[in-house]
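Q: here's a sequence, model it:
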Amino acid sequence: MGQVNIDAARLNMVESQARTWDVLDPRVIDLLARAPREQFVPEQYRNLAYADLSLPLGRGQAMMAPKVEARLLQALAVGPNDRILEIGTGSGYMTWLLATLGGEVFSVEIIPEFKMKAAEKLAATGIANITLDIGDGARGWNRHQPYDAALLTGSVPALAEAFRGGLAVGGRLVAVIGRPPVMEAVLIRRTGPESFTEEPLFETVLTPLINADEPEKFRF
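A: Take a look at the predicted model:
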């Protein structure tokens with residue numbers, strides 16, 4: 001796909017996917033209209049970089065569809081001075097979006113080869129306010145907390161309490177919780193030292209995070 005077609009596909013994604021899915025924040029729309037998603041998708045799927053599809057990354061993992069990425073990014077309401085946690089670096093595309101809007105991004109990836117590829121792609125864009133870690137962040141990541149914003153890029157059947165505890169007061173966390181076919185994106189805000197609010201956003205289905213916590217089962 002040539003550069004002109006890439007540009008057209010990107011703008012079409014913004015208009016026909018993001019906007020029609022209630023992504024209206026001007027900062028997010030402007031960012032999506034210039035974000036080089038094609039640089040982050042696997043080479044064999046470059047022609048599909050802006051299609052309304054979840055794209056395979058290998059190892060049973062996948063990139064979210066662009067409109068889902070857009071909705072989650074909008075809900076997180078990243079500010080320019082925010083300290084941000086991302087669980088699941090994946091391709092590095094969402095990492096780039098978060099770092100472009102935010103202050104400092106700490107992104108954790110459990111698959112070393114994903115981290116290495118994402119590091120190369122991010123470096124090629126010239127963005128520098130990102131720290132990439134290899135580790136299992138499915139139950140929380142306290143290395144750089146407290147965080148002003150946190151995003152889980154894969155689903156979890158239940159949210160580990162450590163994620164709430166890692167937020168600064170005023171911090172936000174966005175996660176997709178549940179099991180297929182019933183999953184829901186939620187926005188959690190820390191409103192005080194011991195107080196939180198939780199707002200349902202939309203239903204979707206995401207690939208689970210590796211090693212995500214299972215909710216406790218009733219025993220009889």
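
Q: gap between the lengthiest strand in the chain and the chain center?
A: Longest strand in the chain by number of residues, with DSSP state E as the criterion: strand 167-179. Taking C-alpha atoms, centre = their mean, to the nearest Å, one finds strand 167-179 lying 11 Å from the centre of the chain it belongs to.

Q: from what I can see residue 139 touches residue 211, true?
A: Yes. Contact criterion C-beta atoms under 8 Å: residue 139 and residue 211 qualify, at 7.4 Å. (Each C-beta comes from the backbone N, C-alpha and C, glycine too.)

Q: the more surrounded of the two?
A: The neighbour count for residue 139 versus residue 211, taken as other C-beta atoms under 10 Å, is higher for residue 139 (16 against 11).

Q: got the contact list for that one?
A: Taking C-beta atoms under 8 Å, 6 or more residues apart in numbering as the criterion, residue 139 is in contact with 160, 162, 211, 212, 213.

Q: excluding its backbone neighbours, what's nearest the fourth one?
A: Residue nearest to residue 212 in three dimensions, not counting chain neighbours: residue 156, with 4.1 Å by C-beta to C-beta, 6 or more residues apart in numbering.

Q: can you add secondary structure and distance to residue 87 and give the contacts of residue 139 back as JSON lines?
A: Listed next are those as JSON lines, based on DSSP: H, G, I helix; E, B strand; the rest coil; distance: C-beta to C-beta, whole Å:
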{"residue": "160", "secondary structure": "coil", "distance to residue 87": "10"}
{"residue": "162", "secondary structure": "helix", "distance to residue 87": "11"}
{"residue": "211", "secondary structure": "coil", "distance to residue 87": "11"}
{"residue": "212", "secondary structure": "coil", "distance to residue 87": "10"}
{"residue": "213", "secondary structure": "coil", "distance to residue 87": "12"}
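
Q: format the residues you listed as TSV; extra columns: pLDDT and distance to residue 118.
A: Formatted as TSV, the contacts of residue 139 follow (pLDDT from 0 to 100; distance: C-beta to C-beta, whole Å):
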residue	pLDDT	distance to residue 118
160	95	23
162	96	23
211	92	19
212	87	20
213	65	24
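
Q: tell me the most packed of those, by neighbour count.
A: So for the contacts of residue 139 (other C-beta under 10 Å), the most neighbours sit at residue 212, 19 neighbours.

Q: and the residue nearest to the spatial centre of the chain, its phi and psi?
A: Note on the chain: the residue nearest the mean C-alpha position is residue 153, at 4.1 Å, using C-alpha atoms, centre = their mean. Dihedral pair for residue 153: phi -90, psi 0, per degrees, to the nearest 10.

Q: how far away is the nearest residue to it once chain neighbours are set aside from residue 114?
A: Closest residue in space to residue 153, ignoring its immediate chain neighbours: residue 88 at 3.7 Å, by C-beta to C-beta, 6+ apart. Counting by C-beta to C-beta, to the nearest Å, the gap from residue 88 to residue 114 is 9 Å.

Q: overlap of the contact sets of these two?
A: By C-beta under 8 Å, 6+ apart, no residue touches both residue 88 and residue 114.

Q: which one's more surrounded, these two?
A: Taking other C-beta under 10 Å, residue 88 and residue 114 do not tie; residue 88 has more neighbours (25 against 21).
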